[in-house]
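Give the three-dimensional model of this entry:
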Amino acid sequence: MKIDIYTDDSVFEQLGNAWNELLSQSATDTIFLTREWQSVWWRNLGAGELRVIAMREDDGALIGIAPLFVETGTDGLKHLSLVGCVDVSDYLDVIIARGSEARVHTALIETLARADFPAWDQLHLCTLPADSPTNQLLAEIARARGLTIETKQHDVAPIIELPATWDDYLATLDKKQRHEIRRKLRRIEEANAQWHTLGADEASDPAIADFIALHKTSRPDKHLFMDARMQNFFIEMARALHARGWLQLLFLEFEGTRAASLLNFCYGNAILVYNSGYDPIQYGAYSPGIVLFARSIQDAIAAQYRRYDFLRGNEEYKYRFGAQDTQVFELHVRK
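Below you'll find the predicted structure:
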């Protein structure tokens with residue numbers, strides 16, 4: 001096996017289309033591991049130094065990418081983490097061609113143990129999906145080589161397995177919630193509200209600017225979250241994902257004024273609910289957030305998506321829509 005270690009952001013261009021091609025063959029094929037997401041995250045939110053490890057067969061075929069970076073923590077230790085870790089990336093992992101997991105994880109641990117590999121004290125793999133082979137396999141390989149392992153649940157990610165029809169979905173909810181959704185949708189229709197979805201031929205920058213304004217208006221903590229650095233990340237991320245057809249930006253409008261917005265991702269067979277915003281003072285009485293979620297689920301079912309993923313966090317509203325928890329883990333490897 002051939003090992004290459006990249007230490008600057010040219011890696012995203014050097015690996016090029018091979019990055020996403022490998023991702024499509026991996027057990028954890030998620031938008032947060034795409035070359036687009038990883039490169040935008042690193043440019044805007046990354047710190048420390050890149051340590052991206054690429055593993056190839058002798059014939060040059062790419063079979064593994066460990067997108068890592070190293071930074072010195074407040075404890076004085078050198079921490080290796082996955083690019084994207086942690087706040088704005090909901091699922092991360094080592095990218096490995098199916099069937100090559102044991103070989104790639106072994107090569108990864110052996111590479112980290114090499115005398116010429118830059119110094120590190122702890123490897124932190126955050127937000128690993130529950131069904132990722134990394135959770136068990138990498139831990140076993142590292143432990144067998146005398147490293148200290150800690151695995152724990154990082155969070156939950158509630159999801160809805162979507163049925164074939166909207167009526168079938170409503171039937172899965174309790175009577176009270178079913179009534180509330182129907183009532184709120186009917187009230188919005190009576191108010192002559194308009195729905196708008198960012199089109200493929202529309203520029204994303206004006207729409208994401210409207211989303212950011214609504215996001216900041218929603219709550220004080222969201223206003224603090226959306227600082228200048230985060231705004232730049234959202235703008236660049238929206239451009240990159242919109243170009244690939246992965247961005248879904250929904251708006252609820254009253255007489256041409258945007259009252260609420262929902263930022264989703266369309267990836268594979270799933271809709272991933274990433275963030276939202278609305279004007280609570282002028283339009284809070286219409287429950288615009290709840291209405292947008294309901295309409296988004298309705299549209300996802302009509303488009304035959306199989307999963308509606310609320311991503312990380314156990315907020316109560318997710319369960320009112322019938323979501324069920326999946327688990328997200330983190331793995332620590334210490335020398």
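
May I see the buried residues of the helix or strand of the chain with the lowest mean pLDDT?
Least confident helix or strand of the chain, by mean pLDDT, DSSP states H and E, is helix 280-283 with a mean of 89. Judged by neighbour count (16 or more other CB atoms under 10 Å), helix 280-283 contains these buried residues: 280, 283. Where you see a C-beta, it was placed from the backbone N, CA and C, and this is true even at glycine.

Export the helix or strand just after that helix to CSV, keeping only CA atoms.
Of the helices and strands lying after helix 280-283 in sequence (DSSP states H and E), the nearest is helix 288-302. Extracted in CSV, the C-alpha atoms of helix 288-302 (Å, rounded to 0.1, in the frame of the first residue of the first chain):
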residue,chain,number,x,y,z
PRO,A,288,-43.6,29.6,10.5
GLY,A,289,-40.8,27.2,11.6
ILE,A,290,-43.2,24.3,12.2
VAL,A,291,-45.0,25.1,8.9
LEU,A,292,-41.7,25.0,7.0
PHE,A,293,-40.7,21.6,8.5
ALA,A,294,-44.2,20.2,7.7
ARG,A,295,-44.0,21.5,4.1
SER,A,296,-40.4,20.2,3.7
ILE,A,297,-41.4,16.7,4.9
GLN,A,298,-44.4,16.8,2.5
ASP,A,299,-42.1,17.8,-0.4
ALA,A,300,-39.5,15.1,0.5
ILE,A,301,-42.1,12.4,0.4
ALA,A,302,-43.4,13.6,-2.9
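
one step back: what's the least confident helix or strand of the chain packed up against?
helix 204-218, strand 257-267 (3 or more CB pairs under 8 Å, 6 or more residues apart in numbering; DSSP states H and E).

looking at those, which is buried most?
Most buried of these by mean neighbour count (mean count of other CB atoms under 10 Å) is strand 257-267; its value is a mean of 23.

Just give the strands next to the longest strand belonging to the chain in its sheet, each with its orientation.
Counting residues, the longest strand found in the chain (DSSP state E) is strand 148-161. Sheet pairing of strand 148-161 (DSSP bridges) gives strand 307-309 (antiparallel), strand 324-334 (antiparallel).

what about it, distance to the chain center?
Its chain's average C-alpha position is 14 Å from that of strand 148-161, according to CA atoms, centre = their mean, to the nearest Å.

buried set for the helix or strand following that strand?
Using DSSP H and E, the helix or strand that follows strand 148-161 in sequence is helix 166-171. Neighbour-count burial for helix 166-171, counted by 16+ other CB under 10 Å, picks out 166, 169, 170.

Am I right that residue 311 sits in a strand?
No: counting by DSSP: H, G, I helix; E, B strand; the rest coil, residue 311 is not part of a strand but coil.

just checking, it touches residue 87?
No: contact criterion CB atoms under 8 Å: residue 311 and residue 87 do not qualify, at 12.0 Å.

For these two, indicate the residue with more neighbours.
Taking other CB atoms under 10 Å, residue 311 and residue 87 do not tie; residue 311 has more neighbours (21 against 12).

Which residue, other than its chain neighbours, is closest to that one?
Nearest non-adjacent residue to residue 311, counting by CB to CB, 6 or more residues apart in numbering: residue 90, 4.2 Å away.

check contacts around the one you found.
When contacts are counted by CB atoms under 8 Å, 6 or more residues apart in numbering, residue 90 touches 30, 32, 127, 157, 272, 274, 311, 312, 328.

how much space is there between it and residue 292?
Distance, residue 90 to residue 292, by CB to CB, to the nearest Å: 19 Å.

Residue 54 now?
Applying CB to CB to residue 54 and residue 292 gives a distance of 40 Å.

Could you do residue 311 as well?
For residue 311, the distance to residue 292 - CB to CB - is 16 Å.

likewise residue 180?
Counting by CB to CB, the gap from residue 180 to residue 292 is 14 Å.

quick one, which of those two is more surrounded?
residue 292 (24 against 16).

so who does the more buried one touch?
By CB under 8 Å, 6+ apart, residue 292 lies in contact with 250, 252, 260, 261, 262, 276, 278.

re the thing from before, pLDDT on the longest strand of the chain, on average?
Averaging pLDDT along strand 148-161 yields 97.

In CSV, could you pull the C-alpha coordinates for that strand?
Extracted in CSV, the C-alpha atoms of strand 148-161 (Å, rounded to 0.1, in the frame of the first residue of the first chain):
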residue,chain,number,x,y,z
THR,A,148,-5.4,3.7,24.9
ILE,A,149,-9.0,3.8,23.6
GLU,A,150,-12.1,5.6,24.8
THR,A,151,-15.4,5.4,23.0
LYS,A,152,-18.5,7.2,24.1
GLN,A,153,-21.8,8.5,22.7
HIS,A,154,-21.3,12.0,21.3
ASP,A,155,-25.0,12.8,20.6
VAL,A,156,-28.2,11.6,19.0
ALA,A,157,-29.5,12.3,15.5
PRO,A,158,-33.3,11.9,15.2
ILE,A,159,-34.5,10.8,11.8
ILE,A,160,-37.8,10.0,10.1
GLU,A,161,-37.9,7.0,7.8
